[in-house]
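Undergrad: no sequence on hand, only this structure:
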């Protein structure tokens with residue numbers, strides 16, 4: 001069986017079996033600059049992101065600021081909300097430092113300048129939340145850009161669900177996460 005149910009959440013077996021440990025020094029933040037769409041977001045996150053552009057102004061490149069002024073920082077695509085990307089690649093909230101793509105939202109939050117961090121979908125990546133039978137369905141998106149994270153996770157024996165414990169707990173709660181861990185102990 002490739003899909004299991006933990007409470008009211010469906011989880012693809014690949015999520016449970018994957019080993020993953022992101023290493024920004026190797027990937028250089030590729031997940032923030034590759035892809036056609038930005039991060040999936042909900043309406044509350046879209047409102048928040050629109051409200052924090054001004055405090056992020058000192059961190060964002062002028063190119064990004066011009067783009068945000070003209071096009072905004074969020075968009076609707078096929079009925080779902082996403083962060084905007086510049087030329088279908090780089091997220092509008094990206095800035096570069098030491099050869100790495102970094103998130104201005106996350107950096108400002110870590111420095112105590114914002115009340116909340118980047119969208120939950122960014123923090124859950126490479127897990128994506130889809131819908132199946134009206135339930136959340138967690139799938140593992142295996143991208144070439146994350147090859148080093150898979151290798152590092154395998155070498156360190158870090159399960160994807162352990163690497164992403166904090167955002168999984170934020171989304172589904174500690175009790176749900178412990179049930180997930182219990183289930184994975186048996187595989």
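TA: Sure thing, it's come through. Keep in mind it's a predicted model, so treat the numbers as computed, not measured.
Undergrad: in the protein, which helix is the longest?
TA: helix 174-185 (DSSP state H).
Undergrad: need the residues that contact it.
TA: 4, 6, 7, 9, 11, 16, 159, 161, 165, 168, 169 (Cβ atoms under 8 Å, 6 or more residues apart in numbering). Glycine gets a C-beta too; all of them are placed from N, C-alpha and C.
Undergrad: could you check the pLDDT of the residue nearest the centre of the chain?
TA: For the chain, residue 122 is the residue whose C-alpha lies nearest the centre (Cα atoms, centre = their mean; 1.6 Å). What the model reports as pLDDT for residue 122 is 96.
Undergrad: likewise for residue 62?
TA: What the model reports as pLDDT for residue 62 is 97.
Undergrad: domain map for the chain?
TA: 1-20+126-187, 29-117 (automatic domain parsing).
Undergrad: average pLDDT for the longest helix of the chain?
TA: Mean per-residue pLDDT for helix 174-185: 95.
Undergrad: buried stuff in it?
TA: For helix 174-185, burial by neighbour count (16 or more other Cβ atoms under 10 Å) applies to 176, 177, 180, 181, 184.
Undergrad: looking at those, spot the one nearest residue 96.
TA: Among the buried residues of helix 174-185, residue 177 lies closest to residue 96 (Cβ to Cβ), at 33.8 Å.
Undergrad: how close does that closest one get to residue 21?
TA: The gap separating residue 177 from residue 21 is 18 Å, by Cβ to Cβ, to the nearest Å.
Undergrad: go on, residue 12?
TA: Relative to residue 21, residue 12 is positioned 19 Å away (Cβ to Cβ).
Undergrad: report the contact partners of the closest residue to residue 115 other than its chain neighbours.
TA: Take residue 115 and drop its neighbours on the chain: the residue closest to it by Cβ to Cβ, 6 or more residues apart in numbering is residue 109, 7.8 Å away. Residues in contact with residue 109, defined by Cβ under 8 Å, 6+ apart, are 115, 116, 117, 118.
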